[in-house]
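Q: Model the structure of this input:
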Amino acid sequence: MAVAGLPEADARVLLDAVLTGPIDARVRDEIVAETRGNPLALLELPRGLTVVELAGGFGLPAALPLVGRIEDSFRRQIDALPTQARLLLLVAAADPTGDPALMWRAAGRLGVSTQAAGPAAEAGLAEFGGRVRFRHPLVRSAVYRAASAADRQEAHRALAEATDPRADPDRRAWHRAQAAAGPDEDVAAELERSAGRAQARGGLAAAAAFWERAAALTPDPARRAERRLAAAQADLQAGAFGKALELLAATEAGPLDELQSARLDWLRGQIAFASGQASDAAPLLLKAARRFEPVAPGLARETYLDAWQAAQIAGHLAGGGDLDEVSRAARALPRPAYPPRSADLLLDGLTLLVTDGPAAAAAVLRQATNAFAGPDVPVAQRLRWSWIAPMAGATLWDYQGYSLIEGPVQLAREVGALDRLPMLLNQLATAAVWRGDFAAAASLIAEADAVCEATGARNPHYAALRLAASRGREAEAARLIQATIEQAAAAGQGAAVTSAHWAAASLYNGLGRYADALAAARLASEQAPVSPAMRALPELVEAAVRTGNPGVARDALGRLAEWTQASGTDWGLGIEARSRALLTEGEAAESLYREAIARLGRARIRAELARAHLLYGEWLRRQRRRTDAREQLRTACQMLDAIGMDGFAERARRELRAAGGTARKRAVTTGVELTAQEAQIARLAADGLSNPEIGTRLFLSPRTVQYHLGKVFIKLGITARAQLSRALTRA
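A: Below you'll find the predicted structure:
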């Protein structure tokens, strides 16, 4: 049996599935052509190459490794060729696009005639037709490595001169850079312009490659440092944290002015934050903000906002640069001379929240979230602060703030801003949990995990904790809670520790283990001044009432009311009414339960609405109004089952049986239990994404996606993608 390579379309899909960054389509097609669709070659070629080495094809072919007998064999064949044939092959190897017109123009500038193609083709090393194609990409690398440095520079110089500066300015700039024998400001400036174009079209890794090469060719030390800092920032955004730190280490040798030194501190802080080291990030960012104050007041305000984010994540585990210190330092800044930007409003509101409380901060935070919802916010600001803007709204119990994230999430996916994407996905997933869409939440969580695995970041599992606690599966949730506490403590992520205790409180309230819920809620509510500690207060009220601690419950209710009254939203006031009802008697309690149900229904917070029906039904049963109790408890059962809140649903069933009702446990069909990855892939497919698109989103090969979809189809009993949406809803 003759085993041929993959068809060209399938080979492209396979190669795309293993690339760690964007690559020029022409370069990709050349690799596919030269491998002849050999799957092993397609899988192995990108292995060990950095994002920058693959970015847009800039950096190939010298990056490809060669060893031992293979290299010796190719070199012997190359050395046996006439001089002009070797030079022609070198020109072809130096440009990975396979454009024959470009190659011949460049060869002509070097005095190479068309006759030179004959010996190379006869030796079977390359083909010169509608596309220049080497026998194998390793032949291309062998040709390039066998040439002297001077010959390589001449080949690149000829290619630069032969490249149309209007049609392909970036390729021309890259060839000029490879041809440069030493520092050259003119070439460096051209590379810098290419970096700007790459960044504008979302090629963050390519931009980093251009900036880094521009820095290497920059004669002036100050400008060299500036370009290295720009390269490090692009690497940070592309998720290449290690490469960014290497560039900063090289830049630190100086000389640096005060502004550049502050930027270096800021970048170190941003890398620590994106990597999940919040307690390290906060003091670095605070230091940078203070250094910016005398030289760039606008940057100082932005950096104080960055520091606030890091301090919020560090929470009670912050060593230096805690929320109080950051907030007071930012409050001491003079008012900006320019009209306040959305970021300025956000900084003012969040710092007021810490120093003066929610009532003082509410109006400014509303103004800030409204400003971020406007069309005039620059793209860079949306990506930089888009996860904290809705969090500011959420501290005021404003669910609508989460809608601000959807655009930035899509933008971050498109441009490859992997430093911000996990936090944004966690916010969207948390919003999905609140509205009771657990399938969407699980899909977003899995996507965030895939990004973190690709970049090496250790981001907190906020949404996963919320989802596990809401589902009420004790063994699964308890493992995640304990693992999060241990890992977050080691990484200085105090907010994640607080979230884990909050999740435990919610879990144990659902299971009816109120003493355990009380202990966890106390820990959560005492550990930080803002969310998620505030979110634990309703759990503390419920657990304290159920364990006979009305004093603890009243104190928690008073603290909760400070936030909910400042919010004025149906979500916040509905939670307050539900909590207050637990401490109230008679008609006043009933009125509060009804108010909670009405408000939470309008807010569309299904999970909390279902719990309000449950608490109202429990109260009615204790008032011996069994008929009314059964109505509320049956509603709670149906809602909690539909959402998937198994712990609270079982509690509702127990109460319904005690009220004289029939409480059948929801039937579970073992054949429709999807794994987390299967559920995520199925949901993305139901949303209309193709297998390659799903693979790109999840860092999987399309073949792996197809394998999982096949299992999903069997479990759901369907035969076509068009049936997925209905089958998932049914399951």
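Q: which residues of the stretch 51-200 of the chain fall in helices?
A: Assigned by DSSP state H, counting those that start in this stretch, the stretch 51-200 of the chain shows helices spanning 51-54, 68-79, 83-94, 100-109, 117-122, 137-146, 149-162, 169-179, 185-200.
Q: could these go into CSV alongside distance to residue 256 and mean neighbour count?
A: The C-beta positions use only the backbone N, C-alpha and C, and glycine is treated the same way. Compiled in CSV, the helices of the stretch 51-200 of the chain are given as follows (distance: least, Cβ to Cβ, whole Å; neighbours: other Cβ atoms under 10 Å):
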stretch, distance to residue 256, mean neighbour count
helix 51-54, 23, 23
helix 68-79, 42, 14
helix 83-94, 35, 24
helix 100-109, 40, 19
helix 117-122, 50, 17
helix 137-146, 36, 23
helix 149-162, 31, 20
helix 169-179, 24, 23
helix 185-200, 18, 19
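Q: Any idea how many residues pack against the residue lying closest to residue 257 once chain neighbours are set aside?
A: Nearest-residue entry for residue 257: residue 222, 6.9 Å, with adjacent residues in sequence omitted and distances by Cβ to Cβ, 6 or more residues apart in numbering. For residue 222, the tally of surrounding residues (other Cβ atoms under 10 Å) stands at 12.
Q: Please apply the same query to the one 4 residues further on.
A: Residues contacting residue 226 under the criterion other Cβ under 10 Å number 22.
Q: Likewise for the one 4 residues further on?
A: For residue 230, the tally of surrounding residues (other Cβ under 10 Å) stands at 23.
Q: before we move on, the earlier item: would you confirm that the residue nearest to residue 257 contacts residue 255?
A: Yes - counting by Cβ atoms under 8 Å, a contact exists between residue 222 and residue 255, whose distance comes to 7.2 Å.
Q: from what I can see residue 581 touches residue 619, true?
A: Yes - with the criterion set as Cβ under 8 Å, residue 581 and residue 619 qualify as a contacting pair; they are 7.2 Å apart.
Q: Comparing these two, which residue is more hemmed in?
A: Between residue 581 and residue 619, counted using other Cβ under 10 Å, the more crowded position is residue 581 (24 against 21).
Q: how about the strands in the protein?
A: Assignment of strands within the chain using DSSP state E yields the ranges 126-128, 132-134.
Q: I'd like to know how far the residue nearest the centre of the chain sits from residue 301.
A: The central residue of the chain, meaning the one whose C-alpha is nearest the mean C-alpha position (Cα atoms, centre = their mean), is residue 421 at 1.8 Å. Going from residue 421 to residue 301 by Cβ to Cβ, to the nearest Å gives 25 Å.
Q: how close does residue 94 sit to residue 74?
A: Spatial separation of residue 94 from residue 74 under the definition Cβ to Cβ is 16 Å.
Q: ok, back up a step: quick one: contacts for the residue nearest to residue 257?
A: The contact partners of residue 222, by Cβ atoms under 8 Å, 6 or more residues apart in numbering, come to 255, 257, 260.
Q: if we go to 10 Å?
A: Under the criterion of Cβ atoms under 10 Å, 6 or more residues apart in numbering, the contact list for residue 222 reads 254-257, 260.
Q: which of these lies closest to residue 522?
A: Looking at these and their distance to residue 522, the nearest is residue 260, at 47.2 Å (Cβ to Cβ).
Q: For burial, what's the neighbour tally of the residue nearest to the closest one when sequence neighbours are not counted?
A: Nearest residue to residue 260 in three dimensions, chain neighbours excluded: residue 225, at 5.4 Å (Cβ to Cβ, 6+ apart). Residues contacting residue 225 under the criterion other Cβ under 10 Å number 24.
Q: Same question for the one 10 residues further on.
A: Close neighbours of residue 235, defined as other Cβ under 10 Å, add up to 31.
Q: Could you check how far the closest residue to it other than its chain neighbours is from residue 398?
A: Counting by Cβ to Cβ, 6+ apart, the nearest residue to residue 235 once its immediate chain neighbours are dropped is residue 244, at 3.9 Å. As judged by Cβ to Cβ, residue 244 and residue 398 stand 35 Å apart.
Q: Could you do residue 598 as well?
A: On the measure of Cβ to Cβ, residue 598 and residue 398 end up 18 Å apart.
Q: more neighbours, those two?
A: In this view residue 598 and residue 398 are compared by other Cβ under 10 Å, and residue 398 has more residues nearby, 22 against 15.
Q: contacting residues around the residue lying closest to the more buried one once chain neighbours are set aside?
A: Nearest non-adjacent residue to residue 398, counting by Cβ to Cβ, 6+ apart: residue 569, 5.4 Å away. Neighbour list for residue 569: 393, 396-400, 575, 599, 602-603 [criterion: Cβ under 10 Å, 6+ apart].
Q: thinking again about what came up before, number of residues surrounding the residue lying closest to the residue nearest to the centre of the chain once chain neighbours are set aside?
A: The shortest distance from residue 421 to any residue other than its chain neighbours is 4.4 Å, reached at residue 412 (Cβ to Cβ, 6+ apart). The tally of other residues near residue 412 (other Cβ under 10 Å) stands at 26.
Q: Pretty sure residue 412 sits against residue 418.
A: Yes - the pair residue 412 and residue 418 qualifies as a contact (Cβ atoms under 10 Å) at a distance of 7.7 Å.
Q: so what's in contact with these two at the same time?
A: Listed as contacting both residue 412 and residue 418 by Cβ under 10 Å, 6+ apart are 237, 451.
Q: Wait, residue 649 touches residue 472, no?
A: Yes - assessed by Cβ under 10 Å, residue 649 is found in contact with residue 472 at 7.5 Å.
Q: quick one: low-confidence ranges for the stretch 151-300 of the chain?
A: 202 (pLDDT under 70).
Q: ok, residue 82 - how many residues close by?
A: Look at residue 82: counted by other Cβ under 10 Å, it has 13 neighbours.
Q: got the contact list for it?
A: 88, 115-116, 118-120.
Q: make it 8 Å
A: Contact criterion Cβ under 8 Å, 6+ apart gives 116, 119 as the residues in contact with residue 82.
Q: And it, how far from residue 117?
A: Distance from residue 82 to residue 117, counting by Cβ to Cβ: 11 Å.
Q: Can you give me the pLDDT of residue 579?
A: Among the per-residue scores, residue 579 shows a pLDDT of 96.
Q: That one contacts residue 540, doesn't it?
A: No - no contact is recorded between residue 579 and residue 540 when judged using Cβ under 8 Å, the distance being 9.1 Å.
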